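Colleague: Sequence and predicted model, in that order:
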Amino acid sequence: MTTYSAVRTTGIYCRPGCGAKPLAENVSTFELPAAAEAAGYRACLRCRPYRVAGTVADEAPELVCRAVQLIIAGLLDESGEEALGARLGVSARHLRRMFAEHLGVTPDQFARSRRAHFARRLLDDTDLGVAEIAFASGFGSLRQFNRAMREIFRASPRALRDRRRRGDRLAADGGLVLRLPFTPPYDWEAMSTYLEAHAVPGVESVEDGVYRRTISLDGEPGLLEIGAGGEDHLILRAHLPFWEGVIHVVDRATQLVGLDHEPIRARAHLAADAELGPLVAARPGIRVPGAWGPFEVAVQAVVRDRLERDDATEALRKLVEVYGAPVPGLGHGLTHAFPGPEALTGAELVGPLAREVANGNITLQAGVELRSLEAVTSPRAAQEIALRLGARDAWPLSGESDHLTPWRSLAAVYYRISAS
């Protein structure tokens, strides 16, 4: 896990590997940049800690991790900590206490830091205008954006752009190109192979190590492409109908490829297992893939649970062709956007699930109640859905697994990748 060093005599915090060499007695450590900023420190201009993955490790309690996932999904963009606590079934006060104990910040401070860091990367990596970046990063106004950037980085957005380095800007011949940072190890080869094996025909494809998928934003089509970048990042190319709220597009892409968390404790637990240990040692960079669309992975889980592999793939293809919105001219086997629950309420196999989701009886999110899923599908499919929605301890495989608790989700991914 990345830790950040803050120097009390300078008021600056740095990421590991920075060339600064302060006296040890003047240094405090923080697990998140947001925590260092909440304590009054600013980011180092030399090592630029905002450019590395500021993910929350799996050492935090599951309640905190679920809250982080909801923040990433944008819950605090238009509501407050009270609404976040209500979604989790706890008071805002208890949630703030949990965040302070385990992350060193409040939920609001965590959300604001994420927006500001994303905006700073857009200032470095793209040629988007300042106003475009403000709304792409989830800020409600230019005034709010300017105030946050001055408070966190001690400079205006225009001054920060003037500081970007020659190698920062990513060349683009189409779309918006961004880095998806991660803390090594991360095994893109294994993860892209996993995504290819679970791709929905017409919606997703993997060719030459590049994952592509159609998306829909407010009813308008878009295209995402994700591929290998450098030793600490993937490259995302986003072709979007508009730039507002791009931070949430990037966050969902990050979750999809498993970069939204670091499986530190999970990896250590599984490494001690006699059967899984060699697999973890051979490929330590495997993560649990998430979901671009929760309903999409739920439908896929139900169909693949009911039918054999080839039949399931063909059934998913037909669902997409019949009910999905056509997206012509993309190539790479991409033809449609995945249909929403309202469109599939009468579809064979998945109609009961679609009706419950469309009627609001099932909310597909991290921590989804398994009993509600099992009312419309099998226990195995329910576990598969929970795995892709971020549950730590889902087990969609057969066989005894108690010894792998509470990290069975990562164990299941290891078993599947090793068998492929």
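Modeller: Looks like it came in fine.

Colleague: Next, the contact list for residue 349, please.
Modeller: By C-beta atoms under 8 Å, 6 or more residues apart in numbering, residue 349 lies in contact with 302-303, 306-307, 315. Every C-beta, even on glycine, is put in place using the N, C-alpha and C of the backbone.

Colleague: pLDDT weak spots in the stretch 51-200 of the chain?
Modeller: Applying pLDDT under 70 to the stretch 51-200 of the chain picks out residues 171-173.

Colleague: ok, 80 please
Modeller: Scanning the stretch 51-200 of the chain for pLDDT under 80 picks out 53-54, 57-58, 167, 169-174.

Colleague: swap in the stretch 301-420 of the chain?
Modeller: Ranges of the stretch 301-420 of the chain meeting pLDDT under 80: 366, 420.

Colleague: returning to what we had before: got the contacts of residue 349 as a markdown table, with neighbour count and secondary structure columns?
Modeller: Formatted as a markdown table, these follow (neighbours: other C-beta atoms under 10 Å; DSSP: H, G, I helix; E, B strand; the rest coil):
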| residue | neighbour count | secondary structure |
| --- | --- | --- |
| 302 | 25 | helix |
| 303 | 24 | helix |
| 306 | 16 | helix |
| 307 | 15 | coil |
| 315 | 20 | helix |
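
Colleague: ok, of these, which one's closest to residue 273?
Modeller: Checking those against residue 273 with C-beta to C-beta, the nearest one is residue 302 at 30.2 Å.

Colleague: check contacts around that closest one.
Modeller: Contact partners of residue 302, counting by C-beta under 8 Å, 6+ apart, are 349-350, 353, 376-377, 381.

Colleague: In stretch 112-128, which residues are buried?
Modeller: Neighbour-count burial for stretch 112-128 flags 112-126, 128 (criterion: 16 or more other C-beta atoms under 10 Å).

Colleague: thought residue 313 was touching residue 203?
Modeller: No - judged on C-beta atoms under 8 Å, residue 313 makes no contact with residue 203 at a distance of 11.9 Å.

Colleague: out of the two, which sits in the more crowded spot?
Modeller: Under the neighbour definition other C-beta atoms under 10 Å, residue 313 and residue 203 were set side by side, and residue 203 has more, 27 against 16.

Colleague: The closest residue to that one other than its chain neighbours and residue 329, how far apart?
Modeller: Ranked by C-beta to C-beta, 6 or more residues apart in numbering and with sequence neighbours excluded, the top spatial neighbour of residue 203 is residue 338, at 5.0 Å. Using C-beta to C-beta, to the nearest Å, we find residue 338 at a distance of 18 Å from residue 329.

Colleague: the more surrounded of those two?
Modeller: Shown here are residue 338 and residue 329; by other C-beta under 10 Å, residue 338 has more neighbours (27 against 7).

Colleague: do you know how far that one is from residue 346?
Modeller: From residue 338 to residue 346 the distance is 17 Å (C-beta to C-beta).

Colleague: try residue 20
Modeller: 63 Å.

Colleague: Those two: who's more crowded?
Modeller: Between residue 20 and residue 346, residue 20 has the larger neighbour count (other C-beta under 10 Å), namely 13 against 10.

Colleague: how about the nearest residue to residue 168 once chain neighbours are set aside, what does it touch?
Modeller: Excluding its sequence neighbours, the residue lying closest to residue 168 (C-beta to C-beta, 6+ apart) is residue 124, at 4.1 Å. Contacts for residue 124 (C-beta under 8 Å, 6+ apart) come out as 51, 161, 164-165, 168-169.
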